[in-house]
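Colleague: for reference, the sequence and a predicted model appear below.
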Amino acid sequence: MKAPDWHDPQVLVAHTAMAEELLPHLQPLVMAARATSLLDLSRSELAEIEVLIGHHFPARSLTLLPGLRWLHLTGSGTDHLPAAGLAPGTLVTNSARVPVESVAEYALSALLMLLKEFPTLSARPQRRPWHTSTATMLSGSTVLVVGAGRIGQSVIRRITALGARCVAVTRTGERDVPGADRTVGAGRLAEAAATADHMVCCLPATTGTHHLVNGDVLSALPTGAALVNVGRAGTVDDMALREALEAGTLRGALLDVHDTEPLPADDPRWHIPGLVISPHCAFAFPGEPAAVGQAFQDNLTDLRAGRAARDTVMVEIHSG
C-alpha cells in the first residue's frame, strides 16, 4: 500500500479561541491551512479537508469531513471522539505534552491554597480574630497522586521538592513511579487514601477511571484532607465529594474540570461549602499556541519522513 502524501494537505483549524494565534505556527510547513468553524464551510469545502486541528467536537460533527485522514487535538482528551463520528482508521494525535508543567504548577498552587486557607481569607467579610489560623503544612505530609502519567509525575516532582512524601497510584501499580515514596495499583486506592493526608487527581477519562475516586475512597481520607482534581471530571464522584465537604470531613477541594462547561450559574456546586470552582484553566499559559503548533509540526515531520507520528493516541471506535 502506498504511503499517504503529507507534503501539503488541506488543513482546517477549528478552534475559535486559539486559531488566530495558532495559524502562523502552522503556515511555515503547511501552506493550505485556514481557520474557521466547520459550520462555515460548504459541503464541497468540507470534502477537501484532510487534516483537522481542534479541541472538542460535537456529536456527529466529524462525519461532515469524508476526506479526513488526520485529527490533531490541541488538548489531550479523546473520550468525545466516538460520539463525534470519528471514522475508524483516522490518525489521531494530541498535544498532551504541551500543558504538563502548567497543570502541575496549578495543581501545586491549588493544594497550597487549600492548606493555607486562602479561600476563607479572601471571603467577605475578611475580619476574624487576629492570630487565628487552621492552616497546615505541606512539608512532612503524604500526598496521594492519583494518575501518575506525565502530569502526575510533574506534580510529584514539585510536591516532593517542598518536603512532602508522595504515593503514586497507577492502573496496576507494577512499575515504580520516579520520585514517589511508593506506587500502588488503582485497586488499592481506598487503602492508600487511609495512609495519606491529601489527594491530587490527574486521571484521564476511561471506563476504568469513571468515579474511581468514590465515597469509599473519600471516606478513607483523614479528617482535614484537601483534594485537587486537574484530571477529568468524571473520575471523581461529585455527589460523594459534596457529602464529604458538607459533613466537614474534608478541609476543602478544588475542581478545575466539570461535567458541564461552563458550569451553569444555578448549579448547586457553586454553593458547596469548602469547594473552589476553577474554570478549567490549569492548562493555560502564554506560550500555549506556539507549543501546540510545534507539537503539530513535530508530528507532521514524522509523517513526512515515513515515521509513526510521535503523539499518536489510540481511540476505540465501536461499530453500530
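Modeller: Right, received. Where do you want to start?
Colleague: other residues contacting the least confident helix or strand in the chain by mean pLDDT?
Modeller: Taking mean pLDDT, DSSP states H and E as the measure, the helix or strand of the chain with the lowest value is strand 33-35, at a mean of 81. Under the contact criterion C-beta atoms under 8 Å, 6 or more residues apart in numbering, strand 33-35 has outside partners 11-15, 19-20, 22-23, 26-27. All C-beta spots, glycine's among them, are computed from the backbone N, C-alpha and C.
Colleague: swap in stretch 289-304?
Modeller: Outside stretch 289-304, the residues that touch it by C-beta under 8 Å, 6+ apart are 4, 6-7, 18, 21-22, 24-26, 28-30, 53, 70, 72, 74, 93, 95, 97-98, 308-312.
Colleague: same check, this time on stretch 120-134
Modeller: Contact with stretch 120-134 is made by Glu117, as judged by C-beta under 8 Å, 6+ apart.
Colleague: and which of the contacts of strand 33-35 is nearest to Ala110?
Modeller: His15 (25.9 Å; C-beta to C-beta).
Colleague: and that closest one, how far is that from Leu22?
Modeller: Distance of His15 to Leu22, given as C-beta to C-beta, to the nearest Å: 7 Å.
Colleague: what mean pLDDT would you report for stretch 88-98?
Modeller: On average, the pLDDT along stretch 88-98 is 96.
Colleague: and the strands in the stretch 151-300 of the chain?
Modeller: Using DSSP state E, counting those that start in this stretch, the strands found in the stretch 151-300 of the chain span residues 165-170, 182-185, 198-201, 225-229, 250-255, 275-277.
Colleague: output the ones you listed in TSV; the columns should cover mean neighbour count, distance to Ala284 and mean pLDDT.
Modeller: Shown next, in TSV, are the strands of the stretch 151-300 of the chain (neighbours: other C-beta atoms under 10 Å; distance: least, C-beta to C-beta, whole Å; pLDDT from 0 to 100):
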stretch	mean neighbour count	distance to Ala284	mean pLDDT
strand 165-170	24	25	98
strand 182-185	17	30	98
strand 198-201	27	19	98
strand 225-229	27	17	98
strand 250-255	24	16	97
strand 275-277	17	16	97
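Colleague: if you drop the residues flanking it in sequence, what lies closest to the spatially most central residue of the chain?
Modeller: By C-alpha atoms, centre = their mean, the mean C-alpha position of the chain lies nearest to Gly231, the distance being 4.4 Å. With sequence-adjacent residues excluded and distances taken as C-beta to C-beta, 6 or more residues apart in numbering, Gly231 is closest to Leu203, at 3.9 Å.
Colleague: thought the one you found was touching Val145?
Modeller: No. When contacts are counted by C-beta atoms under 8 Å, Leu203 is not listed as touching Val145 (10.2 Å).
Colleague: okay, these two: which has more neighbours?
Modeller: Comparing Leu203 with Val145 by neighbour count (other C-beta atoms under 10 Å), the higher total belongs to Val145, at 29 against 26.
Colleague: give me the number of residues near Asp238?
Modeller: Using other C-beta under 10 Å, Asp238 has 18 neighbouring residues.
Colleague: show me the contacts for it.
Modeller: Counted by C-beta under 8 Å, 6+ apart, Asp238 has contacts 259, 269.
Colleague: for Glu191, see how far away it is.
Modeller: In this view, Asp238 and Glu191 are 23 Å apart by C-beta to C-beta.
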